[in-house]
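[1] Provided below are the primary sequence and the corresponding predicted coordinates.
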Amino acid sequence: MNQSPLIEGKQVLLRKPKDGDIMDRFRCGRTKEIVRMYGGDTRNLKPFTMEEAKMFVDKILTSQYNWCIEYMGHCVGQARLTVNEEDQRARFAIGIFNPSVLGKGLGTEVTKLLVSFAFEELRLHRVDLRVLEYNHRAISCYKKCGFVIEGVEREGALIEGKFETDVFMSILDREYNDIKDKGHI
């Protein structure tokens, strides 16, 4: 069951799904750039279906900490924290599916908001993520938000017939506090 609180940023609103999100997701469809950054196969893209849009929203509704990213009144993506309470950590993931909003700083704002939530509200020790090595935009965003590269999983993902490398990144509570004290988050 979704326990995500409403989180308001300067440009975005992080919230539970609402009426209209299925249509927002459906209208954006599927683009090569977005599919590639998610690690999907772009060679034979099929049209995005209404059923897939419904499943997208249902998954957000059934996850503990999973938000719709609202920008200018429309759902443009989603972000989640998969929390491991025993180890006081979470895995962060974000996906902006609307290509028209890329490059506006939304990913950075969402990442900062959820890192703050993880450390200040959930009192976690660590937030980590994995990202494809070729997703330079995402890696740059995560670095701006205080994540550091821990290592790589060499050629662990077979994408379009080529083995790709995943980068592992994390931020610890003390690193977050240092950044926050300097006014960078």
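    Arrived safely, thanks for sending. If you're wondering where the values come from, they're calculated on a predicted model, not measured in any experiment.

[2] so the closest residue to residue 156 other than its chain neighbours: helix, strand or coil?
    Once flanking residues are discounted, residue 156 sits nearest to residue 166: 5.6 Å by CB to CB, 6 or more residues apart in numbering. Where you see a C-beta, it was placed from the backbone N, CA and C, and this is true even at glycine. The three-state label given to residue 166 by DSSP: H, G, I helix; E, B strand; the rest coil is strand.

[3] my guess is residue 166 meets residue 131, correct?
    Yes: using CB atoms under 8 Å, residue 166 is in contact with residue 131, at 6.9 Å.

[4] of the two, which one has the most company?
    Under the criterion of other CB atoms under 10 Å, the comparison of residue 166 against residue 131 puts residue 131 first, with 22 against 18.

[5] tell me the average confidence for the helix or strand containing that one?
    For residue 131, the element it lies in under DSSP states H and E is strand 126-132. Across strand 126-132, pLDDT averages out at 98.

[6] likewise for stretch 138-147?
    Stretch 138-147 carries an average pLDDT of 97.

[7] which helix of the protein spans the most residues?
    Using DSSP state H to define each element, the chain has its longest helix at helix 50-62.

[8] okay, that helix in CSV with CA atoms only?
    The C-alpha coordinates for helix 50-62 follow below in CSV (Å, rounded to 0.1, in the frame of the first residue of the first chain):
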residue,chain,number,x,y,z
MET,A,50,-3.7,1.9,-22.3
GLU,A,51,-3.2,-1.3,-20.4
GLU,A,52,0.4,-0.5,-19.9
ALA,A,53,-0.5,3.0,-18.7
LYS,A,54,-2.9,1.4,-16.2
MET,A,55,-0.3,-1.0,-15.0
PHE,A,56,2.2,1.9,-14.6
VAL,A,57,-0.2,3.7,-12.2
ASP,A,58,-1.2,0.5,-10.4
LYS,A,59,2.4,-0.2,-9.6
ILE,A,60,2.8,3.2,-8.0
LEU,A,61,-0.4,2.6,-6.0
THR,A,62,0.8,-0.7,-4.6
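
[9] can you name the next helix or strand after it?
    The helix or strand immediately downstream of helix 50-62 is strand 65-71, counting by DSSP H and E.

[10] got the contact list for the next helix or strand after that next one?
    Downstream of strand 65-71, the next assigned helix or strand under DSSP H and E is strand 74-84. Around strand 74-84, the neighbours that count as contacts under CB atoms under 8 Å, 6 or more residues apart in numbering are 14, 17, 20-21, 24-25, 28, 56, 60, 63-70, 89-98, 101, 106, 110-111, 114, 117-118, 122, 124, 127.

[11] buried sites along strand 74-84?
    By 16 or more other CB atoms under 10 Å, the buried positions in strand 74-84 come out as 74, 75, 76, 77, 78, 79, 80, 81, 83.
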